[in-house]
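# Compute the structure for the input listed below.
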Amino acid sequence: MSNSMRGEVEVVLDGQRHVARLTLGALAELEGALGAQSMIAVVERFEGGSFSSRDVLAVLAAGLRGGGWAGEARDLLAVDIGGGPVGAAKAAAELLARAFRLATP
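Numbers count the residues shown, from 1 in each chain. Below you'll find the model as predicted:
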């Protein structure tokens, strides 16, 4: 079970539940993987609806690794992601939103 207060999102791969979380290391990896100048640039892609399937897979892979998964982005090409392409995009967007959410008391 994922803990949204920790920025975690549940991602289902081939029917198996995984916890994804964008840690600082995962965010740094994500910037490099997407060739982004900053994380703001990555977030703006999602907010503006101009993200690609490559962006979605990169966010999911980074988040999954931040949650302890040992796979690579290319491994996601051969699995069934819960919710299909729309579910994958929603999970990626939620990971970004939770990573940059301001904590409230």
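# what kind of secondary structure is Val19 in?
Recorded secondary structure, Val19: strand (DSSP: H, G, I helix; E, B strand; the rest coil).
# Next, the contact list for it, please.
2, 8-11, 67-68 (CB atoms under 8 Å, 6 or more residues apart in numbering). C-beta: built from backbone N, CA, C; applies to glycine.
# closest to Ser52 among those residues?
Val11 (18.4 Å; CB to CB).
# Now do the host helix or strand of the closest one: which elements does it pack against?
Using DSSP states H and E, Val11 sits within strand 8-13. Applying 3 or more CB pairs under 8 Å, 6 or more residues apart in numbering; DSSP states H and E, we find strand 8-13 packed against strand 16-21, helix 53-66, helix 84-99.
# separation between the closest residue to Ala73 other than its chain neighbours and Ala26?
With CB to CB, 6 or more residues apart in numbering as the criterion, Ala73 has its nearest non-adjacent residue at 3.8 Å, and that residue is Ala61. Using CB to CB, to the nearest Å, we find Ala61 at a distance of 9 Å from Ala26.
# Poorly predicted segments of the chain, please.
Counting by pLDDT under 70, the chain has low-confidence residues at 102-105.
# can we see that at 90?
For the chain, the stretches with pLDDT under 90 are 1-7, 24-55, 72-73, 93, 96-105.
# How many neighbouring residues does Asp14 have?
9 (other CB atoms under 10 Å).
# ok, now Gly71?
The tally of other residues near Gly71 (other CB under 10 Å) stands at 15.
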